[in-house]
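> build me a model:
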Amino acid sequence: MSNQHDYAEIQRSLAHSHALADPAEAHGQLTGALCALVPYRMEDWLAEILPEDSLANDTDPVLQTLYNATVAALSGADMDFDLLIPGDDCPIEERTQALTLWCTGFLYGLGTSAADPQRLPGELGEIVRDLTEITRADVDASDSKEANESALAELVEFVRVGVQLVFDELGPLREGHIPTGHVLH
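Sure thing, here's the model as predicted:
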């Protein structure tokens, strides 16, 4: 999904609206909340990431497109969800920082539900704990550029797949049916 969206264009839209988060963090927050809450409307997301005086303006079509694409990608059967982080043409430090901010935003968004993300059962809890660790990721100056690129690519793929799993597994919570034996808080 992030490949179809222009990170810089979304960054400009958020800056124009005086957003309280950068694109990666805002997208992570949106994704986490979509995993946890139904309905989670565009207006709910904008209320989280924009100052109150920005909310009176018409919805930015760039942000509306990002919202719609994120909902569609998470809900789709094709597993085509992707993180909104800068492309490979940006320095690895910038992409790594964006990944950490994306995970921070995701954990915040997920925490907006009644469930305690740190206490999700089984594999979901492990994914959330791993995402918490990824919020502290950094580029290893002692490794080669190729090793750092490979490590970042693996982390991005882990987060992408893990988030899709969290979304799928929390479906019953979003629908108000918690399967017997699942302790969510």
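> next up, phi/psi of Leu173, please.
Its backbone dihedrals place Leu173 at phi -70, psi -50, with angles given as degrees, to the nearest 10.
> confidence score at it?
Among the per-residue scores, Leu173 shows a pLDDT of 76.
> same check on the one 4 residues further on?
The model reports His177 with a pLDDT of 47.
> for the one 3 residues further on, same thing?
What the model reports as pLDDT for Thr180 is 41.
> the spatially closest residue to Ala73 that is not a sequence neighbour - how many residues pack around it?
The shortest distance from Ala73 to any residue that is not its chain neighbour, by CB to CB, 6 or more residues apart in numbering, is 4.1 Å, and that residue is Phe81. The C-beta positions use only the backbone N, C-alpha and C, and glycine is treated the same way. The tally of other residues near Phe81 (other CB atoms under 10 Å) stands at 20.
> host element of the residue nearest the centre of the chain?
The residue at the geometric middle of the chain, judged as the C-alpha nearest the mean C-alpha position with CA atoms, centre = their mean, is Gly28 (2.1 Å). For Gly28, the enclosing helix or strand under DSSP states H and E is helix 23-36.
> mind checking how far that helix is from the chain centre?
Between the mean C-alpha point of helix 23-36 and the mean C-alpha point of its chain there is a distance of 4 Å (CA atoms, centre = their mean, to the nearest Å).
> tell me which helix or strand comes right after it.
Tracing the chain past helix 23-36, the next element assigned as helix or strand by DSSP H and E is helix 42-49.
> mind listing what's buried in whichever helix or strand comes after that next one?
The first helix or strand that comes after helix 42-49 along the chain, using DSSP H and E, is helix 61-75. Using 16 or more other CB atoms under 10 Å as the burial criterion, the residues of helix 61-75 that qualify are Val62, Leu63, Leu66, Tyr67, Ala69, Thr70, Ala73, Leu74.
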